[in-house]
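[1] predicted model and sequence below, questions to follow.
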Amino acid sequence: MTGPRMRRVLVTGGGSGIGRAIARAFAEAGDAVTICGRRMDALEETAQGYTMTLRQADVTNEAQVAALFDQPYDVVVANAGGGPAAKLRNTTLEQWNDTLAVTLTGTFLTFRAALDGMGQGGRLIAIASTASLKGGATIAAYASAKHGVLGLVRSVAQEVAKQGITCNAICPGFVDTPLAQGAIEGLMEKKGLDRAKAEAMVASGNPVGGLIRPDEVASAALYLASPGARMINGHALSLSGGEI
């Protein structure tokens, strides 16, 4: 007798931060993990000590996304995204378009391609943000894109429910990643704060206090991909210590 087939898992934006933690968590769980991103050196760093397939791809490029799905995946985590910290009046059209392209269009292209071969028990997971659930004074473009991601997740969830596939979003607050560290360093420079005070300001929206760990986001992804999460569909899982 042969054992159960290894699940095939794709994580976009797998070269750092949340994507890196999720990819490693699925690999440690025994899944066959593929990671993609724009920078091969970052992907190689993620895969050190792990067995992973590395694919260089830009999620805003339709052809490159389609090429990722030369074989179907059981779990697809759309993690790639980003955007500037800027008030609306200071946001350029280029910044706006770039933010929508990588965060919203990238998720759309990833999920659309994933559905071509995904079968019963498949899991689509978008890494959204608490910005999917509220606005922010200096994140107009980012919050708009993340609200769009959540609308996409809720719509896809209804589309695929009868196929035994689920589609959910994880909505973390500030996670301890290079992006958060950049925000902290920006406050240090702008306001003349030491690191501890700047980090406290960044994490002040989290009632528990402190930054969220990337492995905590990974744990949520593992759960949503598990058989026990079969009835969780179209959900926005707030991972924010009670901020939302």
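    Looks like it arrived, so ask away. Residues are numbered from 1 along each chain as shown.

[2] ok, now how distant is V33 from S238?
    As judged by C-beta to C-beta, to the nearest Å, V33 and S238 stand 26 Å apart. C-beta here means a position set from N, CA and C on the backbone, and glycine is covered the same way.

[3] show me which of the two is the more surrounded one.
    V33 (30 against 20; other C-beta atoms under 10 Å).

[4] for this structure, which residues score under the pLDDT cut-off?
    1-4 (pLDDT under 70).

[5] now the helices for it?
    Assigned by DSSP state H, the helices in the chain fall at 17-28, 40-47, 62-68, 93-100, 106-115, 140-160, 178-191, 195-202, 214-224.

[6] C-alpha coordinates for the second one, PDB please?
    What follows is helix 40-47 as a C-alpha-only set of coordinates in PDB (Å, rounded to 0.1, in the frame of the first residue of the first chain):
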ATOM      1  CA  MET A  40      15.900  34.300  -7.100                       C
ATOM      2  CA  ASP A  41      18.500  35.100  -4.400                       C
ATOM      3  CA  ALA A  42      15.700  35.700  -1.900                       C
ATOM      4  CA  LEU A  43      13.900  32.500  -2.900                       C
ATOM      5  CA  GLU A  44      17.200  30.600  -2.400                       C
ATOM      6  CA  GLU A  45      17.500  32.100   1.100                       C
ATOM      7  CA  THR A  46      14.000  30.900   2.000                       C
ATOM      8  CA  ALA A  47      14.800  27.400   0.800                       C
END
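
[7] which elements pack onto it?
    Packing partners of helix 40-47 (3 or more C-beta pairs under 8 Å, 6 or more residues apart in numbering; DSSP states H and E): helix 17-28, strand 32-37, strand 52-56.

[8] switch these over to JSON lines; also include distance to I232.
    Below are the helices and strands packed on helix 40-47 laid out as JSON lines (distance: least, C-beta to C-beta, whole Å):
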{"stretch": "helix 17-28", "distance to I232": "17"}
{"stretch": "strand 32-37", "distance to I232": "22"}
{"stretch": "strand 52-56", "distance to I232": "26"}
